[in-house]
Structures are given as structure tokens and as C-alpha cells.
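> Structure for the following, please:
(one chain, ligands or ions: 1)
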Amino acid sequence: MKEERTKRRFRWYWIPLGLIGLILLLIGGLIAFLHSMLPWQNLLAATSNMKVELSEKQKAYVTGGERDYSTLPEVLAAEDGTVITDTQQFEARREQILELFEENVYGPLPKDGFETSFEVVEEGEALDGAAIRKQIRITVSTGKGSSDALMLLYLPNTGTPSPVVIGLNTGGNHAALDDGNILVSYSYDADDEKIQEERGGRAYRWNIRDSIARGYAVATIYSGDFAPDNRDAYGTRVISLFDEEEFKAVGAWAFGLMRGIDYLVTDEGIDAAHIAAVGHSRLGKAAIWAGVNDTRIGMVISNDSGNSGASLSRGNRGETVCSINKVFPHWFCSKYAQYGKNENELPVDQNLLLAAVAPRLLYVASAEDDLWADPQGAWNGLMAAKDAFALYGLPVLPDSEEQPPVDTPLWCESMGYHVRSGWHDMEAADWEFYLTYMDTYFRDR
Ligand code: GCU
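Reported below is the predicted structural model:
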């Protein structure tokens, strides 16, 4: 009788049900694990670069949240709070701004204790005679040793000095133009077959042919020659020559741009009074940081530089201080992470960095679908920086809470801005605006 009751309680379908439950549990655990390994932010960071359409839910995630600027630092306020009324006072403020960014965001930038030397390792005519191609080995040496970077430079073949646009690249020099003579960047790690496939693959991003036709030289160096973009291995190459622990990748890339300029100012084909530094995205952050530190740069171009670039951190949209430090801890000094979800405590915001470019020229560009880089935040950053340019007697863009319409640039003698239709990238349409701005406001400045 007892045995019978036990038998009745057991149901055959418990076995498959149990198995299904177990499988669901395993899948749930796996998803939770992957989610913690690859947080939302990474996924969105990737989609913004890979041109994947964001769902409405994802869009809400990057565009939602508060945009509270009540604690935004004032550009024209001295350390003791007094209002800055002349350029001499602003020069002191500028020094203070640089120190604050070194201490809280990018880490210190080596100013001495190193030497830079050069060797032109290859030179030839290019682009059917329209250009001279030069490839220059840049050697940085300190007491610890030396490390090399390879700069690729195209000069208009005009016999007169040309203004130049210099920017670092992430794809290796060989990708910047379809020119079989381009040497492979020293730290670029790929086999021959891959290099052949990649040759010229980023030509659209470097616009060399068109820039040469318009009378501009273009120089580029692979960012990895200064610091590999890898959280575990960033401390190799040029960056390894310095003992300062808080000298991180964005700092090393800015430093690299400056070493490229060390060469450019010695080249007779370059008009050293007209050097523009450009950078896309992570390298846009580095271009601004180089631009505020190196006054040989007469114009700074930030292309989709996003969080910790031109976009205000206090906007709290798209990428945040919290997520950028989690995903890219090797880009910034370690103190920066403390301000994640705590932006109001940051003694700076990116408007101060943009202001420190004054009275040199500043161009900020965004892309409409690049919500991760927070285009509106970049516009707000520019608006909150412009008092510094006005202090130098320069005309500035009119006050507006709204960005100009898509593909309609706004320019004046101190600054430019556009939001291009499309994705996170640097394209011919961006260059068209940059070069026309340079023709109008920079070339003869
Ligand atoms: C990621 C990162 C951004 C960066 C971008 C890029 O999206 O989150 O901060 O600007 O990569 O360099 O393309």
C-alpha cells in the first residue's frame, strides 16, 4: 500500500522538466556572467563604432539621464573665484587648467628628460607627381633607452612651404593611402597577407589625395608606436621610456603628436606657423590634449572625440566617466576613475580643456548617429568654452542650446562646429568642412 502511494507521486515528465529547468539555469548563469564581463557600455561602444543600428531601447539608454550643468566649472573664474577680465589673467588660468587635467584626467605629460631625433628613411614622388612622400623615423630617447615611431608625410609638390594637418591613426600607416611604398608602422602587428589586404583601407579617413590637391600636407603616425591600445600591454614602446606611472595612453598619444611636430617644424616643405592637429575619437581626445599643451599647434580639430574629449562629462549621456574608466583603464590617470558616477566632484569639465586652446583655432565635429559620443554634449562643451576666445577679442559663435542643423557647419574666426549625418567616423564630408574652414580662417592667419 505504502509502495503504491510513492509510485503515484512520481511523474515521468519530472525528468524532462527538471532537465529543462537545469538548462535554463545554466543559460541564465552564462548570460549573467557574460553581462558582467561585457557590460552594456562595451556593447554600445562597439555598436557606435561598428555602425550597427541601435534599438529604441539602446537609444534611450544613451540619450536618457539627466543633463545637469549646475556645477559646470566657469572658464573665466580664477582659482579664488574672481572673474577673469584680461588675457594675462587667463594665461595663468590656462596653466591651472592644464595642471588640473594632468592631476585628474590624463596624467602628467613629460616636458623634459627626453630627446627627439629624426631620420628620413624613405622619400619619393607620389600621387602622379602631385606630392612628395616622406617617411621619417622619429626616435625618442631617455636615460632608459630609446624607441622609434614612423611618420608618414605627404607634401604638395609645389616647392613652397605648405600648411599641414597631422593626426595619429589606429589602422597603421599602410592603411592611410593606397600607395605600395608606404612602410609598415614599427609596432603594427600583422602578417604580410593582412597588410596587403589593409593597404589603403582607411584612405577615406585620411583624405590625402584631396588635401594635397587643395595645398595641404598631411602627416600621420600609428598610435601604437607610442603606446599600444591594450589595457595589459599599453606600457610598451615610447611610453615605456618614462617611469611616471600616471603617464597613460591618451597622454602618450598626445606626446606622440608633439614629437611628430618636432620633425615638421624642421622640414622646409612645411609652413610651421600653420600646423593643425586632428584626431578621430580616442585620438581626438589626444589631439585636444596635445593642442592645449603645444602652442605650435595653431588649430585643433576634434572629430567625434566624445567623452573625455569635447563632450561635457556632466552631461551624463552616452559614454560616461564611469564606463570609459571601466572599459579603458589604460587611457587615463588612475584618479579619474574616482569621478565615475560622481562627475559633480570633478574640478574640471571638458569646456575648460576646449577653452585652453584659445586664442588658437578650435574645430569640433560630431556625427548625428554617434550617440555614444554625445554630439549635444560636444556642442554644449563648445558653447561653455567660448568666453575664453571672446576674451582675446575674437568673434565667437552665437549662443544656442541647439546644435546647428545636420550637415550645416557654423563657423567664425575662432571656432567651427558641424554635425555630419551618419556614423562615428572621419569621412570626406568632415574633411570638406575642415579644409574649407582652414582656407577661410587658418591659412592666412
Ligand atoms: C569607444 C570608446 C570611445 C572612443 C571610441 C573610439 O567607443 O568608448 O571613448 O572614442 O571607442 O575611439 O572609436
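> Which single residue of the stretch 101-250 of the chain ends up nearest the ligand?
Of all residues in the stretch 101-250 of the chain, residue 170 sits closest to the ligand, at 7.3 Å by C-beta to the nearest ligand atom. Bear in mind the C-beta positions are built from the backbone N, C-alpha and C, glycine included.
> Strands along the protein, start to end?
Taking DSSP state E to define them, one finds strands in the chain at 115-126, 131-142, 145-156, 162-169, 217-222, 270-280, 299-303, 361-367, 410-411, 415-420.
> Of those, flag the one that's most buried.
Each of those was scored by mean neighbour count; the highest is strand 299-303, a mean of 29, by mean count of other C-beta atoms under 10 Å.
> the inter-axis angle of that strand versus strand 361-367?
In terms of direction (axes from the mean of the first three to the mean of the last three C-alpha atoms, to 10 degrees), strand 299-303 departs from strand 361-367 by 10 degrees.
> Direction included, what does strand 299-303 pair against?
Strand 299-303 has the following strand partners under DSSP bridges: strand 270-280 (parallel), strand 361-367 (parallel).
> and that strand, is it in reach of the ligand?
No. Shown here: strand 299-303 not in contact with the ligand (C-beta under 6 Å from any ligand atom), separated by at least 10.0 Å.
> what's the angle between that strand and strand 162-169?
Using the same axes, to 10 degrees: strand 299-303 against strand 162-169 is 40 degrees.
> count of neighbours near the closest residue to residue 374 other than its chain neighbours?
Among residues not flanking residue 374 along the chain, residue 318 sits closest, at 3.7 Å (C-beta to C-beta, 6 or more residues apart in numbering). Counted with other C-beta atoms under 10 Å, the neighbours of residue 318 add up to 26.
> in terms of contact, does residue 277 touch residue 290 like I think?
Yes. Counting by C-beta atoms under 8 Å, residue 290 is a contact partner of residue 277 at 5.5 Å.
> intersection of neighbour lists for these two?
Listed as contacting both residue 277 and residue 290 by C-beta atoms under 8 Å, 6 or more residues apart in numbering are 257, 297, 300.
> how about the nearest residue to residue 76, chain neighbours excluded?
residue 84 (4.3 Å).
> circling back to that earlier point, any idea which of the strands of the chain gets closest to residue 339?
Of all the strands of the chain, it is strand 299-303 that lies closest to residue 339, at 20.8 Å by C-beta to C-beta.
> Provide a list of residues in contact with residue 246.
Residue 246 neighbours (C-beta under 8 Å, 6+ apart): 107-108, 333-335.
> who's in contact with residue 247?
Per C-beta under 8 Å, 6+ apart, neighbours of residue 247: 107-110, 239, 255.
> okay, it: pLDDT?
Looking at residue 247, its pLDDT is 98.
> The ligand: which of the strands paired with strand 299-303 is closest?
Here strand 270-280 is closest among the strands paired with strand 299-303 (C-beta to the nearest ligand atom), at 7.0 Å.
> how distant is the closest one from the center of its chain?
Between the centre of strand 270-280 and the centre of its chain there are 16 Å (C-alpha atoms, centre = their mean, to the nearest Å).
> now the angle from that strand to strand 217-222?
50 degrees.
> show me where pLDDT drops low in the stretch 51-200 of the chain?
Within the stretch 51-200 of the chain, the segments meeting pLDDT under 70 span 51-52, 57-58, 60-61, 63-66.
> do that again at 80, thanks
Within the stretch 51-200 of the chain, the segments meeting pLDDT under 80 span 51-66.
> Can you list the residue ranges for helices in it?
Assigned by DSSP state H, counting those that start in this stretch, the helices in the stretch 51-200 of the chain fall at 56-63, 87-101, 192-198.
> Likewise for the stretch 301-445 of the chain?
Under DSSP H, counting those that start in this stretch, the stretch 301-445 of the chain gives helices at 321-327, 350-355, 375-383, 386-391, 428-437.
> quick one: which of these is nearest residue 131?
Taking the helices of the stretch 301-445 of the chain one by one with C-beta to C-beta, helix 428-437 is closest: 15.4 Å.
> Residue 75 - how many residues pack around it?
With other C-beta under 10 Å as criterion, residue 75 counts 24.
> isn't residue 213 right up against residue 131?
No. In this structure, residue 213 is not within contact of residue 131 by C-beta under 8 Å, at 9.3 Å.
> Quick one: end-to-end length of stretch 266-274, please.
Its first and final residues considered, stretch 266-274 spans 13 Å by C-alpha to C-alpha, to the nearest Å.
> what's around residue 191, how many residues?
Residues near residue 191, counting by other C-beta under 10 Å: 7.
> do residue 335 as well
With other C-beta under 10 Å as criterion, residue 335 counts 12.
> can you check residue 245 too?
11.
> mind listing what residue 230 touches?
Counted by C-beta under 8 Å, 6+ apart, residue 230 has contacts residue 330.
> And the pLDDT for the nearest residue to residue 140 once chain neighbours are set aside?
Spatial nearest neighbour of residue 140, chain neighbours left out: residue 238 (5.0 Å); criterion: C-beta to C-beta, 6+ apart. pLDDT for residue 238: 98.
> since we're on residue 238, how many residues are nearby?
For residue 238, using other C-beta under 10 Å, the count is 26.
> give me every residue that touches it.
140, 147, 149, 225-227, 252, 255-256, 259 are the contacts of residue 238 under C-beta under 8 Å, 6+ apart.
> Can you name the residues of the stretch 201-350 of the chain that neighbour the ligand?
281-282, 306-307, 319, 324.
> And those residues, which is closest to residue 370?
residue 306 (7.5 Å).
> Give me the nearest residue to the closest one, chain neighbours excluded.
residue 373 (3.1 Å).
> thinking again about what came up before, make TSV out of the strands paired with strand 299-303 and add distance to residue 204 and mean pLDDT.
Shown next, in TSV, are those (distance: least, C-beta to C-beta, whole Å; pLDDT from 0 to 100):
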stretch	distance to residue 204	mean pLDDT
strand 270-280	12	98
strand 361-367	14	98
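> Out of those, the one nearest residue 176 is which?
strand 270-280 (12.2 Å).
> Tell me what angle the closest one forms with helix 428-437.
140 degrees.
> Going forward, the N-terminal residue is numbered 37.
All set: I'll call the first residue 37, so the last point we hit is now strand 306-316.
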